[in-house]
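> Here you go, sequence then predicted model.
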Amino acid sequence: MARWPSVSKKFVAQILSAHAGLGVVAGAVLFILSLSGVLVVFHEDFARWEQPGAPEMHEYTPEVASLGMANAIARYQSIHDGTLPDSAYMVLPTRAAPRMTALMGDDAWFIAPDGALAGEVDHAYSEFLIEQHYYLNLPHTPGIILVGIFGAIMLALVISGFAAHPRVFRDAFRFRRSGNPQLAEADLHNRLSVWGSPFHVIIPLTGAMLGLSILFAVVVGQSFHEGDMRYAFQPTFGAEGVRSDAEAPIADIAPALRTMRERRPDVEPWFLDLEYPGTESQSVKILSRLPRRLIFGEYYQFDAAGEYQGQVGLENGTVGQQIIAGAYQLHFGSFGGLPVKIAYALLGLALCMIVASGVNLWLMKRAARAKASPRLERAWISVIWGSPALLALCFIAVSSGAPSVWLAPIFWVGLAGMAILSTFIQSRATLSAGLKLASAAFIVLGVFWHAIASGAPASHAFWGVSAWLLLTAIALAAAAAFGFARAGRASREPAPGTPDPVSSQA
């Protein structure tokens, strides 16, 4: 089948107009979400790279985990005047992230192979990337809802893009990279959209599901549960226990871990929740990954003595539970190991190019109609190539000891300032090449600064991530050199109303 069902030219024009309008309004945010999403796919690798000296273990005993939890609770009490946390969490070592950490409130510590505390967890940069992609660095509830809305906008763009392209299948391999720059940009936009269409549907769909589910939870909580939005998630993730004020000895998590290994040796425990420690209502939940399943895991429940109490039901639950539990994995590529991560990164970069080329097309069409927007064109270049430069600058700030609260202002204020200043730069080609070079320089500086500050540890994770970052910097530097060469060959900037092929290279 070579064509969509027959549609009128007027309908196609209306859809194209709506598609372009949505894309321009949301373009900058969608590009930043797409770029940060590429990096968040590797958040575990970035965390290991960020603190390369933290202890790692590929095997551990329940007794070591129990000792680590006890030490972490004791440390928490010493910091907080003897009070206990509502929940004491432990991230267990896995193949992908062989580190054990204890988390309580805003405090987190690494656990050494002997169960001792081994320093505070400080993943300021990794957490900044997560905060940007999940919440746009806003307060969590409004931030994730806003991201969900942009996910819905991106899905609308994908659908309207296909509806506006009646020859989507016939032109699937048509790729013109010479001659008319507008046609070349259109082919780049359309081909990448078609070739990665399953990914480009799944990512915004699952993002919208995850973000807008919080909006649903807020409405349900405000309407029926005195503002507590947790009730909306109980059918999927199970209900929380009822806290008792009666004190009890802090539960030992070792029996629950031993029982878990005996009952389900086929699963990989990776997260433990000791709920209400030091009370008669305390219990243990162990979240485990299941082999050859798309869901993010199953919660196995134990009482304070380590007796098995059942599971929440994600493993064999309802269709709704399966869909929600699988949406996390599909959105973040948290399945299949490194090959899937690399595939998600490449498809995510393609999505960045689709967003960038979509706005480029709109700008080029305006220029062709003698309605050029040179200031807007320069501001858009600063968004595309200023974003990676500022992300690298944020890491340099972290490595230099800057507080983590500075990172969001450095990025967002820096991006706004860059967009304003870029409007006064005459050459679009020079602006584009200069920002690429700045991105490359900041990445190289950040990698070497971090290597010096951390003592260049003999860690495969550290050197692997460093190598990939340096290769990225080399590619950006090469693109910058090519851009400067093209700018040098040009006798003058294109006249107003003339499409600029250099400015479209995003």
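Looks like it arrived, so ask away.

> On the three-state scheme, residue 110 is what?
Counting by DSSP: H, G, I helix; E, B strand; the rest coil, the backbone at residue 110 sits in strand.

> distance of the closest residue in space to it that isn't next to it in sequence from residue 101?
Leaving aside its sequence neighbours, residue 110 sits nearest to residue 118 (CB to CB, 6 or more residues apart in numbering; 4.3 Å). No exception for glycine: its C-beta is placed from N, CA and C like everyone else's. In this view, residue 118 and residue 101 are 10 Å apart by CB to CB, to the nearest Å.

> And residue 345, by the same measure?
The value you get for residue 345 to residue 101, if CB to CB is used, is 25 Å.

> Tell me where the model's unsure across the stretch 151-300 of the chain.
165-179, 221-232, 235-236, 238-239 (pLDDT under 70).

> Give me the packing partners of whichever helix or strand residue 203 is part of, helices and strands only.
Following DSSP states H and E, one finds residue 203 within helix 197-224. In terms of contacts (3 or more CB pairs under 8 Å, 6 or more residues apart in numbering; DSSP states H and E), helix 197-224 is packed against helix 140-163, helix 319-332, helix 337-368.

> got the contact list for residue 253?
Going by CB atoms under 8 Å, 6 or more residues apart in numbering, residue 253 touches 62, 65-66, 69, 90, 272, 274, 284, 306.

> Low-confidence bits of the stretch 1-150 of the chain, can you list those?
1-25.

> Please enumerate the helices of it.
9-40, 43-50, 62-79, 124-135, 140-163 (DSSP state H, counting those that start in this stretch).

> what's the angle between the second one and helix 337-368?
Right, helix 43-50. 100 degrees (axes from the mean of the first three to the mean of the last three CA atoms, to 10 degrees).

> Repeat that for the third one.
For the pair helix 62-79 and helix 337-368, the angle between their directions (the same axes, to 10 degrees) equals 60 degrees.

> quick one, phi/psi of residue 251?
Note on residue 251: backbone dihedrals following degrees, to the nearest 10 are phi -60, psi 150.

> right, and it touches residue 284 too?
Yes. Contact criterion CB atoms under 8 Å: residue 251 and residue 284 qualify, at 6.6 Å.

> Can you read off the backbone torsions of residue 284?
phi -120, psi 130.

> State the distance from it to residue 255.
Residue 284 is 9 Å from residue 255, by CB to CB.

> Count the residues that sit near residue 119.
12 (other CB atoms under 10 Å).

> Name whatever forms a beta bridge with the spatially closest residue to it that is not a sequence neighbour.
Sequence neighbours aside, residue 110 is the residue nearest to residue 119 in space, at 5.4 Å (criterion: CB to CB, 6+ apart). Listed beta-bridge partners, residue 110: residue 101 (assigned using DSSP bridges).

> Let me see the contact set for residue 110.
So residue 110 contacts 51, 54-55, 99-101, 117-121 (CB under 8 Å, 6+ apart).

> between the residues you listed, which is nearest residue 396?
Residue 396 has its nearest neighbour among these in residue 51, at 16.6 Å by CB to CB.

> Next, the residue nearest to residue 70 when sequence neighbours are not counted: phi, psi?
Leaving aside its sequence neighbours, residue 70 sits nearest to residue 250 (CB to CB, 6+ apart; 7.2 Å). Note on residue 250: backbone dihedrals following degrees, to the nearest 10 are phi -60, psi 130.

> Could you check how far residue 250 is from residue 116?
18 Å.

> In terms of neighbours, single out the busier of those two.
residue 250 (19 against 14).

> thinking again about what came up before, compare residue 345 and residue 101 and say which one has the larger neighbour count.
residue 101 (22 against 17).

> Now for residue 251 and residue 284: what residues contact both?
With CB under 8 Å, 6+ apart, residue 251 and residue 284 have common neighbours 274, 304, 306.

> Show me the shaky parts of the stretch 401-506 of the chain.
490-506.

> would you list every one of the helices in it?
407-422, 428-454, 460-489.

> Tabulate the ones you listed (CSV), appending mean neighbour count and distance to residue 325.
As requested, the helices of the stretch 401-506 of the chain are exported to CSV (neighbours: other CB atoms under 10 Å; distance: least, CB to CB, whole Å):
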stretch, mean neighbour count, distance to residue 325
helix 407-422, 17, 30
helix 428-454, 20, 36
helix 460-489, 16, 28
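
> So which of the ones you listed is nearest residue 76?
Nearest of these (CB to CB): helix 407-422, 26.0 Å.

> got the domain boundaries for the protein?
1-54+121-238+318-371, 372-506 (automatic domain parsing).

> Next, the buried residues of stretch 94-105.
94, 97-104 (16 or more other CB atoms under 10 Å).

> Just give me the closest of those to residue 40.
residue 97 (14.2 Å).

> OK, contacts around that closest one?
Residue 97 neighbours (CB under 8 Å, 6+ apart): 44, 47-48, 91.

> Ok, residue 267 next?
Per CB under 8 Å, 6+ apart, neighbours of residue 267: 260, 288-291, 297-298.

> Let's have those in JSON lines, adding secondary structure.
As requested, the contacts of residue 267 are exported to JSON lines (three-state DSSP):
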{"residue": "260", "secondary structure": "helix"}
{"residue": "288", "secondary structure": "strand"}
{"residue": "289", "secondary structure": "strand"}
{"residue": "290", "secondary structure": "coil"}
{"residue": "291", "secondary structure": "coil"}
{"residue": "297", "secondary structure": "coil"}
{"residue": "298", "secondary structure": "strand"}
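
> name the element residue 287 belongs to?
With DSSP H and E as criterion, residue 287 is part of strand 283-289.

> which helices and strands sit right next to that strand?
By 3+ CB pairs under 8 Å, 6+ apart, strand 283-289 packs against helix 254-263, strand 268-275, strand 298-302.

> What are the contacting residues of stretch 322-334?
Contacts for stretch 322-334 (CB under 8 Å, 6+ apart): 40-41, 202-203, 206-207, 209-210, 213, 236, 294-297, 314, 317, 335, 340-341, 343-344.
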